[in-house]
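> what follows is a predicted structure for the sequence shown.
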Amino acid sequence: MLKVNTCYGRIDAEFMTRLSSVKLMAFDVDGTITDGGIIYDSTDLELKRFNTKDGFGIAALVKEGIECAVITGRTAHLTQRRMNDLHVQHVIQGEKSKNVALTELCEKLNISLDEAVCIGDDLNDMPMFRVAGLSVCPHDAHPFIKKQADYITTCNAGYGAVRELCDLILISKGILNPDGGFADERY
């Protein structure tokens, strides 16, 4: 099996080739772009922690014209706020049928499901895994999800897992060098 050297280690060459055709990255929120923790204060105010490294990766994909979408089972104002900061145009919250949401979004954007990659961490992400061209999960995902994923990140959720996927997409498209540095001075 051929491997490609990257800043994240040796990655299956076929996976990287398939990533090169990605036009849409869909991601879950809790346990994927966050560490899964939710903090409530005494007034029931909800707090989430988003990693700026993940945010940089998402913003880089958006800048390169790769569609990004949140598909999450929960609804939180903080999620919309963070995605606004990152210029993510597709934020689907409170969605119980993630496969349907991903399919409809791809149809709307005229993108084949084979050109979509999704990243999620738990059983409710499995329907999305079944329809996306590629599926990825954080290193600390549920064991069943890890068995189903095409790729398991070296990073945990909320600590760079989404950034790793973003970087691998950019490497596969020749925008990032395999060592992680940009191929030109665009950033």
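Looks like it came in fine. Numbers count the residues shown, from 1 in each chain.

> Gly174 - that's part of a helix, no?
No: using DSSP: H, G, I helix; E, B strand; the rest coil, the secondary structure at Gly174 is coil, not a helix.

> what's around it, how many residues?
Neighbourhood size, Gly174 [other C-beta atoms under 10 Å]: 10. For glycine as for every other residue, the C-beta is placed from the backbone atoms N, C-alpha and C.

> how near is Asp44 to Val29?
19 Å (C-beta to C-beta, to the nearest Å).

> the two: which is more packed in?
Neighbours were counted for Asp44 and for Val29 using other C-beta under 10 Å; Val29 has more, 27 against 6.

> could you report the pLDDT at that one?
On pLDDT, Val29 comes in at 96.

> the protein: helices as residue ranges?
In the chain, the helices defined using DSSP state H lie at 13-19, 52-63, 77-85, 98-109, 126-131, 143-148, 161-172.

> winner for burial among those helices?
helix 161-172 (a mean of 25; mean count of other C-beta atoms under 10 Å).

> let me know how buried Ile39 is, in neighbour terms.
When counting by other C-beta under 10 Å, one arrives at 9 neighbours for Ile39.

> who does it bridge with?
Taking DSSP bridges as the rule, Ile39 bridges to Leu47.

> touching, it and Ala76? I think so.
No: contact between Ile39 and Ala76 fails when scored by C-beta atoms under 8 Å: they sit 11.9 Å apart.

> one step back: reformat the helices of the chain as a markdown table; add mean pLDDT and distance to Leu2.
Conversion of the helices of the chain to a markdown table gives the following (pLDDT from 0 to 100; distance: least, C-beta to C-beta, whole Å):
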| stretch | mean pLDDT | distance to Leu2 |
| --- | --- | --- |
| helix 13-19 | 97 | 4 |
| helix 52-63 | 96 | 25 |
| helix 77-85 | 95 | 36 |
| helix 98-109 | 98 | 29 |
| helix 126-131 | 97 | 24 |
| helix 143-148 | 98 | 23 |
| helix 161-172 | 97 | 14 |
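
> re the thing from before, shared neighbours, Ile39 and Ala76?
Shared contacts of Ile39 and Ala76 (C-beta atoms under 8 Å, 6 or more residues apart in numbering): 46, 48.

> so Ala101 sits against Glu95, correct?
Yes: contact criterion C-beta under 8 Å: Ala101 and Glu95 qualify, at 4.7 Å.
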